[in-house]
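# Sequence isn't available, so here's the structure alone:
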């Protein structure tokens, strides 16, 4: 689980990202991101609708998998940006961990969000 400082708080806190952010589409969902100069650290949220899967257990599994990838790959160096993953496909629950990690890292790199070199799974990108 992400530490409290890296999560969104409040009912309307995602509104900034939805209105001012940019989007990067992948096969399983969208990464919406925006720089936020008012913050000292990054924040992340994962949105999984009931349309993706009816079971709360599966939706929470998807959420936990993405949060874990973010927690282990994004450095805590003071980058100030907000990001929201909106998941559209239930296949994320059964996707191999390496494939999911690679897809998320590709989106983060397209967004210009720094990730450490050792986090990249695909060696061709080095």
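Done, it's in. Note that the coordinates shown come from a computational prediction; the quantities given were computed from them, not determined experimentally. Numbering: from 1, shown residues only.
# can you tell me the helix or strand for the residue lying closest to residue 97 once chain neighbours are set aside?
Leaving aside its chain neighbours, residue 97 sits nearest to residue 65 (7.5 Å; criterion: C-beta to C-beta, 6 or more residues apart in numbering). For glycine as for every other residue, the C-beta is placed from the backbone atoms N, C-alpha and C. Assessed by DSSP states H and E, residue 65 sits inside helix 56-73.
# Count the residues that sit near the nearest residue in space to residue 53 that is not next to it in sequence.
Nearest residue to residue 53 in three dimensions, chain neighbours excluded: residue 90, at 4.6 Å (C-beta to C-beta, 6+ apart). By other C-beta atoms under 10 Å, 18 other residues sit near residue 90.
# Now do the buried residues in the helix holding residue 65.
For helix 56-73, the buried set under the neighbour-count rule, 16 or more other C-beta atoms under 10 Å, comprises 58-59, 61-63, 65-67, 69-70, 73.
# ok, now which ones touch the spatially most central residue of the chain?
Nearest to the geometric centre of the chain sits residue 85, at 4.7 Å (C-alpha atoms, centre = their mean). With contact set as C-beta atoms under 8 Å, 6 or more residues apart in numbering, residue 85 has these partners: 29-32, 44-47, 66, 104.
# Wasn't it part of a strand?
Yes. When DSSP: H, G, I helix; E, B strand; the rest coil is applied, residue 85 is found to be in a strand.
# so how far is residue 57 from it?
19 Å (C-beta to C-beta, to the nearest Å).
# Residue 2 too?
Taken as C-beta to C-beta, the span from residue 2 to residue 57 is 20 Å.
# Residue 105 now?
The gap separating residue 105 from residue 57 is 26 Å, by C-beta to C-beta.
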